[in-house]
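Q: Any chance you could fold what I've pasted below:
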Amino acid sequence: MKKKILVLCTGNSCRSQIAEGYLRHFAGDKAEIYSAGVETHGVNPRAIATMKEDGIDISKHTSNNIAEYFDINFDYVITVCDNAKERCPFFPTKAKKFHQNFPDPAKSTGKEEEILEQFRQVRQMIKNYSQQFVTDNLTD
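A: Numbering: from 1, shown residues only. Predicted coordinates for the structure are as follows:
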């Protein structure tokens with residue numbers, strides 16, 4: 001049976017969207033991946049562009065609120081920012097909780113190329129984490 005994984009962030013615009021993309025890529029048919037925020041800010045265009053550079057299309061992703069998923073019995077909940085961990089509502093589920101705080105690339109400043117470089121750095125951190133998560137939790 002497929003595992004159900006929820007990636008949770010503050011606004012479901014960057015980090016959780018990137019993690020959803022990579023977890024889907026690495027998990028394949030072993031898991032159903034969802035992402036949500038304690039708020040919704042829309043999917044960040046730079047997150048879409050940065051993922052496209054690495055061959056993963058998240059352009060059809062939507063920014064979802066955690067309340068939309070209260071009826072799903074998740075196996076894993078991964079918070080990808082400290083704010084979401086602190087504000088994560090109680091889930092009446094057996095879900096194992098994981099936490100990894102990633103820097104928020106949406107808060108990057110500077111010239112466009114400098115901002116994109118910050119997105120690329122965070123993307124790589126999330127890619128590495130996602131690949132390791134799948135190896136540690138979804139392989140037989």
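Q: C-alpha from now on. contacts and neighbour counts both.
A: Will do.
Q: Now do the longest helix belonging to the chain: distance to the chain's middle.
A: Secondary structure of the chain per DSSP state H: the longest helix is helix 112-137. Mean-position distance between helix 112-137 and its chain equals 10 Å (Cα atoms, centre = their mean, to the nearest Å).
Q: what's it packed up against?
A: helix 15-27, helix 45-53 (3 or more Cα pairs under 8 Å, 6 or more residues apart in numbering; DSSP states H and E).
Q: For the ones you listed, please prepare JSON lines with the additional fields mean pLDDT.
A: Converted to JSON lines, the helices and strands packed on helix 112-137 look like this (pLDDT from 0 to 100):
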{"stretch": "helix 15-27", "mean pLDDT": "97"}
{"stretch": "helix 45-53", "mean pLDDT": "97"}
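Q: Would you mind saying which of those lies nearest Glu68?
A: When the helices and strands packed on helix 112-137 are compared by Cα to Cα, helix 15-27 sits nearest Glu68, at 15.4 Å.
Q: Just want the angle from that closest one to helix 45-53.
A: 20 degrees (axes from the mean of the first three to the mean of the last three Cα atoms, to 10 degrees).
Q: Can you give the distance from helix 15-27 to the centre of its chain?
A: 6 Å.
Q: Return the residues in contact with Cys81.
A: 8-10, 99-103 (Cα atoms under 8 Å, 6 or more residues apart in numbering).
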